[in-house]
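Asker: just to be clear, the model below is a prediction. Sequence and coordinates:
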Amino acid sequence: MSHARGSFGRQLRSDLRLLFGRPRTIALLAGLAAVPLLLAIVLFVAQNSGMAGQGPGFIGRVTGNGLFLVIAALFLCLPFLLPLTVGITAGDAIAGEAQTGTLRYLLTLPSSRSRLLASKALASLAFAMAAVLLIAAVALASGGAFFGLTDMTLLSGSTVGLAEGMGRMFGVALYVALSLTGLVAVGLFFSTLTEVPVGAMAATTIVAVVSSVLDTLPQLAAIHPYLLTHHWFDFAEFLRVEVNWSVLGSGMLVQLGWVAIFLSLAWGRFTTADVTS
Amino acid sequence: MSAPAIRTEGLTKRFRSGQVAVDGIDLVVPRGAVYGFLGPNGSGKTTTIRMLLGLVRPTAGAAWLLDEPMPKEGGSVLPRVGALVEGPAFHPYLSGRANLVRLDACDATAEAGTSRTRIDTALERVGLTAAAKKPYRQYSLGMKQRLGLAAALLRPRELLVLDEPTNGLDPQGTREVRHLIRELSAEGTTVMVSSHLLSEIEQVCSHIGIMGRGKLLAQAEREALESDDDVRVAVTTTPDHVAEAAQVLEALGLLDVRVDGVELHARLGETPPESVSAALVRAGVDLVGLDVRRRSLEQLFVELTGEGFDVAR
Amino acid sequence: MTSTAPARRNFLRSPWVVPIAVTSAVAVSLLSQPLFASGDSNDLPDVTADQLVTQVLDAKPQAMSGTVVHTARLGLPDMLFTEATGADPISLLGGSSTMRVWTDGVDRSRVALLGTMSEYSVVNDGPEAWTYSSSNDEAVHYSFSDADLARLKTMGEQARVEATKKQAELPTPQEAATEALARVGEFSTVRVDSQSTVAGREVYQLIVTPTTDKTLVKRIVLSIDGETKIPLRVQTWSTQDDTAPAVEVSFTDVTFGMPSESVFGFTAPAGVTEREVVVPLPQNDGAVKGSGSAHEMPVVTGTGWGTVVEFKDLDVAALLAKDPSAMTGSGERIIGSEEAQKMLEEFVPEHSDGSGMDMGVLYDQLTTKVPEGRLLSTTLLSILVTNDGRVLVGAVPAETLRAMA
């Protein structure tokens, strides 16, 4: 279908409009955006009370420098809220269309199954990116508003200027967003297995949670480096005196492996599946 | 004569559960026909339609749409085919129009520039222009069905496959659908329309196929199915003459004589109807009424499938 | 007709071939990585063990940087160390820890112990040193008194470097190897094993075996970079465990060349007050080993690997209360095994703040009650705290200590 290629952008735009115009998506994004805002308010209220300085070290630093709110918010969202929301969107991508029955009409338009899958994959990825960047942006804004932005003290004890600090925060957000690509692919695969979106959403979220649990078992140390979530918190690399790019690179490589496997599985499944919904 | 619009050979679908939904059917839908695809619910109509459209892969056999093999050539054939499968399905929170915009945008072969015109025309054609901006979830069943038809008519089609298009429509809506089918047919579009309610589409069909338990039980032009030799006669008499009348009918050589109160039913066979009335009068039977009935499609259907309509297995 | 029936399709034309191929490709590339990383090689010129030892000891220190993974399998309960929040040197006692190392090859270096969202940094900048812990945002500044500084200036470079480099440190392959090789000849035999690859570099492997069987140390395997003769990996094997080294400290990636200047300096972050610690300069110029201190000298029994050190009148309670002075001066290089020495140091908390570990609880969990007192037994080191306040430490089986008590 060589004549079909020209209009892929049109389909992708349509999928993006469908996803981001959906009340549920907007609610999810609003919920995620509320995390840094609430965190800022809580820290602001508690900063002069006995609760100040509790929790991981970098959270205590937020009150001194709003830039750290970006780290704190992403740190809080990454273990569960981000996998959950990414699971909801990616798990819904195909299964949702199957459940409403619109899948059969898309396919008889025709929209080829590969194209449809590619468009859905990119739209789900766009959501993951938007979610992370939104958290980072709201964190930066509310961190600046409540606590001010200033030079940043790294985990190594060195201090970098505000501009470099902002750049490093952008790096963190970008790394976190790209770290979710593997989960997007997993979600997409589950989405091709079922006509019940909730099942695919739950399965995707569970994969992320199980991966985190396995990552804490020392008996499984041999497989840890290949786990979906193992390198997620390597974004801390942006907070060290010398960013080790090979650490970040291997994190991305693992994501690439998961993306390759699960996208190809999703493709294999979706292009052969009977659409009976 | 050109190749049929739809053709299948030994088309079979066995689901993973082991259930054989479609069992080796050979469909032929000639170009220009309005093909009534009939059968009770669960007889395999929808699965057949899904296989024709490439949604479900056949276990065995092959299908051609507009002389192209399916599902291999779906990319080039399906743009010329409009479809309504198992009822309409749209995103509930989008308006009717937005749903059509979405479908049009996802059509790999549709031209973006003329999208607006196409959508307006389709909405106009099914009479939804006024309600186009309302969210789909607020539509009545009839409006939903119309929107489904509008989607099938987004582009000029050579073939329309309409699965249960009258489902949920009131009598007025059903009439409108019939009118639409006639109109499309007159324009040269081949229409395959499935239903479990024969009466709703019978009048518009030029061809009929009857499905039952996954098999194609009969397939022919409508006249051929109706003008069978199997003509029946119904005689109404007075209570005193019932026994007498029955003797007369049997003496005439009529088959399957059945008495039902003051009514007698029998198959005419070779006997001309006028000789029945003459013989009854001659025998002094009070003849209250005499009715000659050709077998209806409905009776044929009941005989073939062994069940009435609306019976789900 | 059958040719179009999917059920009879040639498998190779099925779309499932793609995911199967992709999955295999990913699996192969992942699985093959460790093979390349530590595969056998045989491209280096042959050397004898003695030649290699000399080469290592004479090797010119290199400016380099890299990542070091420290793995301890001491037989201590793993869960104890997961309680530590953030990067804390105590985590070196169990499981794997990752460190990043930079050195200029002379007297400036930085070693950073990495936690998930934390870091413990040790910065050596000539006569000054700092530790910084991000978990509690605490900086410690180590320096000499003015008198010692003046004396330092009069030393030769070699002696000066020797005198300053032990102020603060985390274990790296170089440190571990130097300790292991110091005892070669006197108490150990040494031989060359097959060549290998560590951190992508071809290495010689040198096996140091204690001549005595009184120690818990079975052997120490050093992997020496073939080109620079810098140790890249040190494995210490215990007699208690044949399956894996009890302690392994190894580069996983290494780059030779001068690191960026920015890593060697340290300025306390705004709002952080440095805790000042004045370190006494050793009296005998440059000779750190065995140097005494104002404190009471411990009793040393045995020699080499089988050495047992006995501390008298040690205030265990004060130690547990994190009072470093309770052991000041005792933490010198007097214990047979360098790894054992390291461990002993780990038990001496360097910073007296609430970093999440309760030493008292840790002490109770780690030690077991024996008739003689309380015993800590690991695969490399035994410590016996007797009921009458003596502490016996040695890289020897627990029975040896109990017999001596």
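Answerer: Yes, it's here.
Asker: break chain C down into its domains, please.
Answerer: By the assignment in automatic domain parsing, chain C contains the domains C:2-37, C:288-404.
Asker: for chain B, what's the longest helix?
Answerer: Secondary structure of chain B per DSSP state H: the longest helix is helix B:171-186.
Asker: tell me what it is packed against?
Answerer: strand B:34-38, helix B:141-152, strand B:190-195, helix B:198-201 (3 or more C-beta pairs under 8 Å, 6 or more residues apart in numbering or on different chains; DSSP states H and E). Yep, even glycine has a C-beta here, placed from its N, CA and C like the rest.
Asker: mind running it again at 7 Å?
Answerer: strand B:190-195 (3 or more C-beta pairs under 7 Å, 6 or more residues apart in numbering or on different chains; DSSP states H and E).
Asker: could you check the angle the strand it packs on makes with helix B:171-186?
Answerer: 150 degrees (axes from the mean of the first three to the mean of the last three C-alpha atoms, to 10 degrees).
Asker: give me every residue in the stretch 101-250 of chain A lying close to chain C.
Answerer: A:153, A:155-157, A:159, A:218, A:221, A:226, A:233, A:236, A:240-242, A:244, A:246 (C-beta under 7 Å from any C-beta of the partner chain).
Asker: so what's whichever residue of chain A sits closest to chain B closest to, chain neighbours aside?
Answerer: Across chain A, the shortest distance to chain B (C-beta to the nearest C-beta) belongs to A:Gly101, at 2.7 Å. Nearest-residue entry for A:Gly101: B:Ala89, 2.7 Å, with adjacent residues in sequence omitted and distances by C-beta to C-beta, 6 or more residues apart in numbering or on different chains.
Asker: quick one: C:Leu206 is in a strand?
Answerer: Yes. The assignment for C:Leu206 is a strand, going by DSSP: H, G, I helix; E, B strand; the rest coil.
Asker: I'd say it and C:Ser194 touch.
Answerer: No. Applying C-beta atoms under 7 Å as the test, C:Leu206 and C:Ser194 come out as separate, 11.4 Å apart.
Asker: any chance you could map the helices in chain C?
Answerer: Going by DSSP H, chain C shows helices at C:17-37, C:49-58, C:79-82, C:146-154, C:157-164, C:173-182, C:316-320, C:338-347, C:359-366, C:398-404.
Asker: kindly report the same for chain B.
Answerer: B:45-52, B:74-77, B:96-106, B:115-125, B:141-152, B:171-186, B:198-201, B:222-226, B:242-251, B:273-282, B:297-305.
Asker: just chain A next, same as before
Answerer: Under DSSP H, chain A gives helices at A:8-20, A:23-46, A:57-60, A:68-77, A:81-100, A:102-107, A:113-147, A:162-179, A:181-193, A:197-215, A:245-272.
Asker: check which residues of the longest helix of chain B are buried.
Answerer: Using 16 or more other C-beta atoms under 10 Å in any protein chain shown as the test for burial, helix B:171-186 gives B:173-174, B:176-178, B:180-181, B:184-185.
Asker: strand B:34-38 and that helix, what's the angle between them?
Answerer: 130 degrees.
Asker: how about residues contacting helix B:171-186?
Answerer: With contact meaning C-beta atoms under 7 Å, 6 or more residues apart in numbering or on different chains, helix B:171-186 is reached by B:34, B:142, B:149, B:160, B:165-166, B:169, B:191, B:193, B:200-201, B:203-204.
Asker: could you dump these to CSV with pLDDT and neighbour count?
Answerer: Below are those laid out as CSV (pLDDT from 0 to 100; neighbours: other C-beta atoms under 10 Å in any protein chain shown):
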residue, pLDDT, neighbour count
B:Val34, 94, 23
B:Gly142, 86, 19
B:Leu149, 92, 25
B:Leu160, 94, 24
B:Pro165, 88, 29
B:Thr166, 84, 22
B:Leu169, 81, 20
B:Val191, 95, 27
B:Val193, 93, 24
B:Glu200, 74, 21
B:Ile201, 77, 25
B:Gln203, 81, 11
B:Val204, 87, 18
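Asker: count of neighbours near the closest residue to C:Leu401 other than its chain neighbours?
Answerer: Spatially, and ignoring its direct neighbours in sequence, C:Leu401 is nearest to C:Leu384 (4.2 Å; C-beta to C-beta, 6+ apart). C:Leu384: 25 surrounding residues under other C-beta atoms under 10 Å in any protein chain shown.
Asker: do C:Gly257 as well
Answerer: Neighbours of C:Gly257 (other C-beta under 10 Å): 8.
Asker: next: C:Ala150.
Answerer: C:Ala150, neighbours per other C-beta under 10 Å, totals 11.
Asker: distance of it relative to C:Val106?
Answerer: 21 Å (C-beta to C-beta, to the nearest Å).
Asker: can you say which of the helices of chain A is packed in most?
Answerer: Mean neighbour count (mean count of other C-beta atoms under 10 Å in any protein chain shown) peaks for helix A:181-193 among those, with a mean of 27.
Asker: that one: how far from the chain's middle?
Answerer: 13 Å (C-alpha atoms, centre = their mean, to the nearest Å).
Asker: please apply the same query to stretch B:126-134.
Answerer: That offset, for stretch B:126-134, works out to 27 Å (C-alpha atoms, centre = their mean).
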